[in-house]
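K.L.:
With the sequence up front, the predicted model follows.
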Amino acid sequence: MSESNKSPHILNTSSNLLGLCFLVLTYIRVQKLQSITIIDDVITIAIVFFMASSILSFLSLRSNTKKSESFENIADYTFLIGLFLLFGITMLVAFNISK
């Protein structure tokens, strides 16, 4: 196992943010907010990255081989991409750019 052992933190945080993304996507669909399709699309991409990060982090925790560190590094980068996407969504909402 790697010395930094970031996988439990990545797994916990990415699964929480995954739930948040699903909540926002569900809200958009239920309210039928057609004017924010950019947010809809970006949130879907963020869901994919957070899901991939969660899966890779879980695999890193379960593996005792050299692949564990590789899974952890990939999970770390996919999580970071998901965070940047979530930041972009926040800026779209905050500055009302999505219209």
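P.N.:
Arrived safely, thanks for sending.
K.L.:
What is the neighbour count of L25?
P.N.:
Look at L25: counted by other CB atoms under 10 Å, it has 16 neighbours. Where you see a C-beta, it was placed from the backbone N, CA and C, and this is true even at glycine.
K.L.:
Not counting sequence-adjacent ones, nearest residue to it?
P.N.:
In this structure, L25 finds its nearest non-sequential neighbour in I43, 5.1 Å apart by CB to CB, 6 or more residues apart in numbering.
K.L.:
and the one helix or strand the one you found maps to, what other elements does it pack with?
P.N.:
Assessed by DSSP states H and E, I43 sits inside helix 37-62. Applying 3 or more CB pairs under 8 Å, 6 or more residues apart in numbering; DSSP states H and E, one finds that helix 37-62 makes contact with helix 7-31, helix 67-94.
K.L.:
Pull out the buried residues from it.
P.N.:
Neighbour-count burial for helix 37-62, counted by 16 or more other CB atoms under 10 Å, picks out 39-40, 42-43, 46-47, 49-54, 56-61.
K.L.:
related to what we said a few turns ago, dump the helices and strands packed on helix 37-62 to JSON lines, plus mean pLDDT.
P.N.:
As requested, the helices and strands packed on helix 37-62 are exported to JSON lines (pLDDT from 0 to 100):
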{"stretch": "helix 7-31", "mean pLDDT": "85"}
{"stretch": "helix 67-94", "mean pLDDT": "90"}
